[in-house]
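*Asks:* Okay, here's the prediction I keep looking at, along with the sequence it came from:
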Amino acid sequence: AYWYLQYAYCEALIETLGSCFGVNPASPYGMRLLPPAPGEPAQEPGWDPAFEALGQPQLVGLSPTWRLRADEAVVYLGLTPPNGRYFAHANYIMFNPAGLPAPHFTETDLPLNDDVLRRDHPSAAAFDQPLVVITTADQAMATMITDELVRAGIDPRIVFVQRIPTVEVEIPMGYDGTTFMHQDRLAYASDAQAYLDHPPAIVFRVVPPAPSPTTPYAMWDQPQLATGHNEQHLSGALDALAEAVRLAHLADSRTVTLTKMARFPLETRTCIEKKVPCLGPIDAAYNFSVPRSMGASADDFTVVVGANHAAAGKAKYANVSLYNGETSTPIASASDQEMAGSVEPYLRYLSPVRALQVGRVADQLYAHKFARRCPADDAFCSTIPQPSAGQLGLGAGQRYHFFERAYREPRTYHGPAAFEVLPPCQLISTAR
């Protein structure tokens, strides 16, 4: 089956599996669900309790994480989403065999995103188009499936292969080997709920009648992400904006603590070779904060200050999200479009010269507040709810962190180079 993990499912997933798996609130995750192959041991714990709690019994017995023999393939046939600001198909390493560290959330191949489809698809379009994706470690299997599809009348130009390399790198295959997960992202789609609930796609596991020799894929070269176009010109204005936010809330007789967020700059090959998590796709640059515990005061809040990577020309879309660190659940989020205009209220706390410096690039910066109580007239504040029945939230003492994403550098087919985007900072305001 093909199924979208949506934010609306988080409560049931937390109750049954203890996590919402870090879903991006702006981007539901499309997943290929497979049953265990003949002779493959069932995975524990399984997803059956979650599917039952969601009222989707037709998915019982399937799992979004699965293993493959080296001579097998998983095949997706379907229609791409009807619209959106971004989408991509990507296959990830999730777990390695017991005792072997795993490069969690590390891609096995370059993502197949909407810009690649505009370049390579025969329609020269990305949305609402037929698409076939073959995921395999065997070149011969990919060729055989493609040939069969062509004989059945499928245009070979809509068939794409996502490779699992096993030459030069160690990715153990087999039913006791690496566990994979396809995670297809669809960001900021409008009027797409029917597509998400009933995606027009089918998924097959193709298994030879008997194990057969394979033609493995070599590890691919990491694409060049650096473009020479960076956000360094915003650095001084960003520092000045952070100071303006600090001064604004010191004026309210509060203590304001500033901390910088960190980049996650590892490359895919490095993650696979060293067996460390990459925690995200090549299509994005990620910045994240150090986990903290939520305070008890309803008056505490955090302002995240950063570069609006989309407005600065470094991303197709960007957002910043607050997560419950204990359940990997998004609690609140702001997109690059929602950040527009958020800087101007802070300019009055700067000297005229500094206000002019920040004002000139205000459209490329943001200052977004996350608070228990948002003023009714504050358009740049997201409420942090208390957890309750039917309401995801963040309770006092629970761990939380912020995660900023910048997807798809316009000058390449991939994400921005980590060192070409400025990481944001957070200013945490607490009562004196």
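*Replies:* In hand now; what should we look at? Numbers count the residues shown, from 1 in each chain.

*Asks:* Return the helix or strand in this protein with minimum mean pLDDT.
*Replies:* Least confident element among the helices and strands of the chain, by mean pLDDT, DSSP states H and E: helix 268-274 (a mean of 85).

*Asks:* CA atoms only: put that helix into CSV for me.
*Replies:* Presented in CSV, the C-alpha positions along helix 268-274 are these (Å, rounded to 0.1, in the frame of the first residue of the first chain):
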residue,chain,number,x,y,z
THR,A,268,25.5,11.1,2.7
ARG,A,269,28.6,9.0,1.9
THR,A,270,30.2,10.0,5.2
CYS,A,271,27.1,9.0,7.1
ILE,A,272,27.0,5.6,5.4
GLU,A,273,30.7,4.9,5.8
LYS,A,274,30.9,6.0,9.4
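
*Asks:* Counting by contacts, list what it packs against.
*Replies:* On a contact count with 3 or more CB pairs under 8 Å, 6 or more residues apart in numbering; DSSP states H and E, helix 268-274 meets strand 106-107. For every residue, glycine as well, the C-beta is placed using N, CA and C.

*Asks:* Run through the neighbouring helices and strands of whichever helix or strand comes after the strand it packs on.
*Replies:* Downstream of strand 106-107, the first helix or strand assigned by DSSP states H and E is strand 112-113. When contacts are defined as 3+ CB pairs under 8 Å, 6+ apart, strand 112-113 packs onto strand 86-89.

*Asks:* pretty sure Y346 belongs to a strand, no?
*Replies:* No: counting by DSSP: H, G, I helix; E, B strand; the rest coil, Y346 is not found in a strand; it is helix.

*Asks:* Tell me which residue lies farthest from the centre of the protein.
*Replies:* Distance from the C-alpha centroid of the chain, by CA atoms, centre = their mean, peaks at P352 (39.7 Å).

*Asks:* ok, now which ones touch that one?
*Replies:* If you count contacts by CB atoms under 8 Å, 6 or more residues apart in numbering, P352 has none.

*Asks:* cool, and S382?
*Replies:* Residues counted as contacts of S382 (CB under 8 Å, 6+ apart) are 322, 332-334, 368-371, 374.

*Asks:* Local confidence estimate at it?
*Replies:* Looking at S382, its pLDDT reads 96.

*Asks:* partner residues bridging it?
*Replies:* Note on S382: beta-bridge partners F370, judged by DSSP bridges.

*Asks:* separation between G84 and I282?
*Replies:* Here the criterion is CB to CB, to the nearest Å. By it, G84 lies 19 Å from I282.

*Asks:* Excluding covalently adjacent residues, which one is nearest to H104?
*Replies:* P277 (4.1 Å; CB to CB, 6 or more residues apart in numbering).

*Asks:* Show me where the stretch 1-150 of the chain dips below the pLDDT cut-off.
*Replies:* Across the stretch 1-150 of the chain, the ranges flagged by pLDDT under 70 are 43-45.

*Asks:* tell me what the host helix or strand of T259 is packed against?
*Replies:* Per DSSP H and E, T259 falls inside strand 254-260. Where contact means 3+ CB pairs under 8 Å, 6+ apart, strand 254-260 is packed against helix 235-250, strand 425-431.

*Asks:* so what strands line up beside that strand?
*Replies:* The strands that strand 254-260 pairs with in its sheet are strand 425-431 (antiparallel) (by DSSP bridges).

*Asks:* Just want the angle from the partner strand to helix 235-250.
*Replies:* Angle, strand 425-431 to helix 235-250, by axes from the mean of the first three to the mean of the last three CA atoms, to 10 degrees: 10 degrees.

*Asks:* List the buried residues for strand 425-431?
*Replies:* 425-429 (16 or more other CB atoms under 10 Å).

*Asks:* do the same with stretch 391-405
*Replies:* For stretch 391-405, a neighbour-count test (16+ other CB under 10 Å) marks 392-394, 398, 400-405 as buried.

*Asks:* hang on, the earlier thing: and the next element down the chain from the strand holding T259?
*Replies:* Per DSSP H and E, the helix or strand that comes after strand 254-260 is strand 262-263.

*Asks:* OK, contacts around C20?
*Replies:* Shown in contact with C20 (CB under 8 Å, 6+ apart): 7, 9-10, 13-14, 327-330.
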